[in-house]
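# I would like the atomic coordinates for the input below:
(chains A, B and C)
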Amino acid sequence: MKQFGKLLSYLGIAFLTLSISILLILLVGSSVTQAFSSFLSGIFGSFYSVSEVMVKATPLILTGLGVAVGSRSGFINIGAEGQLYMGAIAVTFIAFWLNDLPAMVMIPLVILGGFVFGGIWSVIPGFLKARFGISEVITTLMFNYIALSIVGILVRTLLKDPASSLPMSAFLPDGATLPTLISTTRLHAGILVALISVVLVWLLVWKTPTGYEMRAVGLNPRASKCAGISVYKNIILSSLISGGLAGIAGVCEVSGLHHKLLEGISPGYGYIAIIVALLGKNHPVGVVISALGIAALQVGSLGMQRMAGVPTSISSIIMGVVVLLILARKSLFRRLLTDE
Amino acid sequence: MDSGFIALITMYLVASVRMATPLILAGLGEAVSEKAGILNIGVEAIMLSGAFFSFIVAFFTGNLYLGLLTGILGGILVSMIHAVLSIHCKANQTIAGLALNFMVMGLTSFLFLIVFGQTTTIPACNMFGDLKIPLLSSIPIIGPALFNQNIFVYLALIGIILTAIFFYKTEWGINLQAVGEYPQAANSAGLNVFAIRYFACFINGVLGGLGGASITLGQLGFFMENVTSGRGYIALVAVILGRRNPIGIFAAAMVIGFSQALQYNLQTLGFPIPTQVFTMFPYLVAVIVLFLSIGKSIDPSALGIPFERNKR
Amino acid sequence: MALLSMKNISKSFFGKMANSQVCFDLEPGEIHALLGENGAGKTTLMNILYGIYSRDSGDIFWKGQKVSFTSPRDAIAFQIGMVHQHFMLVPTLTVSQNITLGLKEKGYPFTDRKALNATITEVAQKYGLQIDVNAYISNLSVGEQQRVEIIKLLYRDAELLILDEPTAMLTPQETEYFFEVLRKLRADGHSVIIITHRIPEIMSISDRVTVLRDGYNVVTAKTSDISEQELSRYMIGRQLQIIQREAVVSDTGSEGISLEEVSLKEKGRERLNSLSLQIAPGEIVGVAGVDGNGQKELVEVILGIRKQSSGKIRMDGVDMSSMSVLERKKLGIGYISDDRHQDGLVMDMSLTDNILLKTHTDRRFIKHGLINTRLVRAETQKAVEDYAIKTPGLNTPLRYLSGGNQQKLILAREMAGNPKAIIAHQPTRGLDIGATEFVQQQLLQHRSNGCSILLISADLEEVLLLSDRIAVLYKGCFMGIFPNTPELNLSQIGLLMAGKTSEARKESL
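Residues are numbered from 1 along each chain as shown, chains lettered A, B, ... in the order given. Here you go, the predicted model:
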């Protein structure tokens, strides 16, 4: 009965979201059936469109996974966006600095570099929280802006491509680019990196003593301390991993997709990551599913704009609405959820 | 002193005040909200909504005051959604704020496209002109900066004074603090915690909406997608730098406004320093200030924590 | 006519009845004690009256008029005031601001603070309550904060004062002073409801007493018509049983646990002052004392949760003064904390995961760096069976278990593998009679097995029941350590608990 009520409440959220979407489509004056069919064909219409969902999902899985790992130990990471950019900076630096390394060495190296850079960008707020109790919500948020500015400065100075007048770096050396998986698409090996990370994180957080400690600290720091678990160490560790994963997302975007560093490689992946983690209930498998879902929503809405004239910003509205409805779920469907 | 130097200082001060105005307005609102224990990182959404609705009404009616009023309503609307989620639904306030940012960002650009379509020329509306206050405006340097400005600047200045009185000279301020520090005690003393928190969120909506309107009707005269471009987040920074003290927020917003004014100026002068150095500045300072305030508990104890009446 | 009458009040939390058809009457100008064990529903009943909880059913009459308060504001308007066990004072505000909080005084919202302060001082002095109105609450002692709470009610013209466990944090002498204030209030026409589980206090202060047990009201009587023994029987349902303690011959060759001049300084304050104690194998040493005299600090220093400033702690001869919590626990120390929700368990984790809280670094449970889930589940299953823990399943979050079953899981975890020492801090707090007896039996069982046990309890009766020796703790000092024999002088213990060394010495002569 309890499970049934819960299921109904989620169906209710789906229904409300759908109604709002229909309302918005009607507001544009488009045909609802056409909009929906173009949405679906935007996702499933071709081999290419399906691959695009994977391309979009790659950074969302990685950043979402990072946010989820952070939340598990009570580290609310709003800074995945900045950590992603730090990872992007790392890969660019390393690629130009050690430009003649073979891919076999270079790829693991840039991934490690991205992990370290992203990790550092997150461990600073983690340290401030663990050591001094400074709220990470605000610090990680501010670190996003600082990271964006650093990228802006670098692509105009140190890393600027002298051959171009635009603020961007030169193309990465071949050894530093992730291979494209299917030649007619943009799908690159980043998705594999993301999925491997999912498995590793799952093992770490759910199967090892270290992961157990991180989860215990997230749920009850005081009891953890009394049991001899270091709250400090675990927040530091989880913030490092959290930011590191977002850093790898930056590596994948630069190495796999853009092949150069420029501003705006992320249209807010780091913020969407928080939604991904929330919808995925901070679980690796949930994160993959919700990342694919949100990527599909974005790709589908592109199709909807092309063929039915519905602005793509509808995807952003839907994301916001779904999250707001989930936050309000227990109040909205109180009668269904009397046992919760 | 060299008259050219005075002119330069005056010019920067005037520009700084203009840049600071939306931050002051939104920052004051957020400070009221945080004092009551509601952390709203959706200030950006409140401002964006205020900017959008004030522009739409000003554009179609030509009446700026009507636009200003609608901007306030737009701000209230967003803030109250956050309030219902935080207070009634006891939801995670950070995520609620973030989700509102997504939704309002999408919604304003969606509606803007519906109303104006894909246009090459940006639709523009009238703007509030400068109101010269006799005598005061002729004070050197400060006069032009504070007393020869548009209505939003004056509203911001009045807002600072009223908020300061509200916080430090009235029982209301004590009630607000009690609700943010120890809501159970406030409730037990007979205060209505929910009502006070809703009221604080309402004020946040009014001031944030005004802040948004000050961008479209006071600075730009037009609206475009994401017109606030992160000012809501900078307002959060101003609140931290100013430690939720109205005067402090004013000072913080002025420092940020000054660095922004400098940034635009250097850009037009073609200095070789990337402007991002200045964009970064307020955030860096905020992190440093947070670091320096270590050990002093500056956040209200119940910030971000929902109040539950029947809790056991 | 009764001043207040509550009829057939019922209230349940998550399906558990906290009050069942409770009736309660109060006459004007009386001090009425509400007696019951922890969890009997006393505070719930008063919170319903005060408008903090909503009731499921029942009626409340105030001066014959039917009332229904949905918030304390309503109750205050009818001149009803309540002092909670956890004080409801805002630490960042002053005494004066706290007292007038929520009131619309003359000039509101621009109130004249100076004029208010004069009135407050006047009210306070009328009942002999000294207080600095401009002091911040965060700088006040517990006793002073309680004074502020009382003044707050009097300032609001409370006709009825509800006091929830007002003496819990007070020494016997402070309690006596406090009772004087209550008598003055009664003489002045105020009515008082005092919630407590201390029978001697009821005898000394109350006019009438109502006993609650398991959410039901059992009896209401004039205090002069009822004896302590009868009250005790009503409260717990039967006579207290006497546990037979047999002398344990310790031939384990172990040295037990010992403290040598252990001191703890925190934030410039001396929390523990040169404590020395040796607990032999097969011995229970009970610590008597009023809460907040260093009990928590003592426990946490022994376990390494806090680090002592000086002194040595040994376990079976091994100096563990600089070891981590985990290293100490691995020497064979079991820890039962006084706050199982905060310190002992992770309420949102399953039974298995809570067993892991102690064993997750134990090599037995780790295979190839991963936790051996099958083994941990088997261990948990065994705990559930051995300790008869009632649970829907091993994956159920602890939150959904009753307090007694939660405590049993802690015992199962901390007593597994026959520990050499057990630190038990308020091990029976908030448990029903059955669970309490179970815990006590388990402690005695381990005593027979040669375990060194430190028992800390706010309940002097429990200390007397279980201990071989009793140490009295006052302001971080041991005032004395006495063998628990029938000749033990109880009033001497009471005076030492209040820090009255010289009186205690006279008493012992």
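
# residue contacts, residue B:186?
The neighbours of residue B:186, taking Cβ atoms under 8 Å, 6 or more residues apart in numbering or on different chains as the test, are B:175, B:178-179, B:193, B:196, C:90, C:101-102. Glycine gets a C-beta too; all of them are placed from N, C-alpha and C.

# Can you tell me, leaving aside adjacent residues, what's nearest to it?
Nearest residue to residue B:186, sequence neighbours excluded (Cβ to Cβ, 6 or more residues apart in numbering or on different chains): residue B:178, at 4.1 Å.

# neighbours around the one you found, how many?
Neighbours of residue B:178 under the rule other Cβ atoms under 10 Å in any protein chain shown: 29.

# I'd assumed it was in a helix, is it?
Yes. Counting by DSSP: H, G, I helix; E, B strand; the rest coil, residue B:178 is found in a helix.

# can you tell me which of the contacts of residue B:186 lies nearest to chain A?
Chain A has its nearest neighbour among the contacts of residue B:186 in residue B:193, at 17.2 Å by Cβ to the nearest Cβ.

# wait, isn't the residue nearest to residue B:186 in contact with residue B:189?
Yes. Contact criterion Cβ atoms under 8 Å: residue B:178 and residue B:189 qualify, at 7.2 Å.

# Mutual contacts of these two, please.
residue C:101.

# hey, which helix is longest across chain A?
Assignment by DSSP state H gives helix A:103-132 as the longest helix of chain A.

# Tell me the helix or strand right after the helix or strand residue A:138 falls within.
Here residue A:138 sits within helix A:136-154, counting by DSSP states H and E. Following helix A:136-154 in sequence order, the next helix or strand is helix A:190-207 (DSSP H and E).

# Around the residue in the stretch 151-300 of chain C that chain A sits nearest to, how many other residues sit close by?
Nearest residue of the stretch 151-300 of chain C to chain A, counting by Cβ to the nearest Cβ: residue C:300, 8.0 Å away. By the measure other Cβ under 10 Å, the count of residues near residue C:300 is 24.

# and what of residue A:197?
Quick note: residue A:197 (other Cβ under 10 Å) scores 23 neighbours.

# so how far is chain C from it?
Distance, residue A:197 to chain C, using Cβ to the nearest Cβ, to the nearest Å: 18 Å.

# from what I can see that residue touches residue A:248, true?
Yes. Assessed by Cβ under 8 Å, residue A:197 is found in contact with residue A:248 at 6.6 Å.

# Could you name every residue contacting both of the two?
residue A:62.

# List the contacts of the residue nearest to residue B:150 when sequence neighbours are not counted.
Nearest in space to residue B:150, with sequence neighbours left out and distances taken as Cβ to Cβ, 6+ apart, is residue B:128 at 4.3 Å. Residues near residue B:128 by Cβ under 8 Å, 6+ apart: B:64, B:150-152, B:217-218.

# Greatest separation within these: which pair is it?
The span of those, defined through Cβ to Cβ, is set by B:64 and B:152 at 10.9 Å.

# of these two, who's got more company?
More neighbours surround residue B:152 than the other of residue B:64 and residue B:152, with 24 against 20 (other Cβ under 10 Å).

# which SS state does the more buried one fall under?
helix.

# Would you mind measuring from the residue nearest to residue B:150 to chain C?
According to Cβ to the nearest Cβ, residue B:128 stands 32 Å off from chain C.

# And that residue, what's its pLDDT?
For residue B:128, the model assigns a pLDDT of 94.

# and what of the one 3 residues further on?
The model reports residue B:131 with a pLDDT of 90.

# can you list the weak-confidence ranges in the chain?
No chain specified, so I'll use chain A. Filtered on pLDDT under 70, chain A yields the residue ranges A:1, A:338-340.

# Please refer instead to chain C.
In the predicted model, chain C carries pLDDT under 70 at residues C:14-15, C:38-39, C:169, C:171-172, C:236-253, C:504, C:506-509.

# Show me how the record splits chain C into domains.
As assigned by automatic domain parsing, chain C contains the domains C:4-236, C:257-345+C:418-508.

# Save the contacts of residue B:186 as a markdown table, and put in distance to residue C:227 and secondary structure too.
Output for these, formatted as a markdown table (distance: Cβ to Cβ, whole Å; DSSP: H, G, I helix; E, B strand; the rest coil):
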| residue | distance to residue C:227 | secondary structure |
| --- | --- | --- |
| B:175 | 49 | helix |
| B:178 | 45 | helix |
| B:179 | 48 | helix |
| B:193 | 45 | helix |
| B:196 | 50 | helix |
| C:90 | 43 | coil |
| C:101 | 43 | coil |
| C:102 | 43 | coil |
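
# can you tell me the residue of the stretch 201-350 of chain C closest to chain B?
Nearest residue of the stretch 201-350 of chain C to chain B, counting by Cβ to the nearest Cβ: residue C:341, 11.2 Å away.

# so who does that residue touch?
Taking Cβ under 8 Å, 6+ apart, one finds residue C:347 in contact with residue C:341.

# show me where the stretch 201-312 of chain B has helices.
For the stretch 201-312 of chain B, the helices defined by DSSP state H, counting those that start in this stretch occupy B:231-241, B:246-269, B:276-292.
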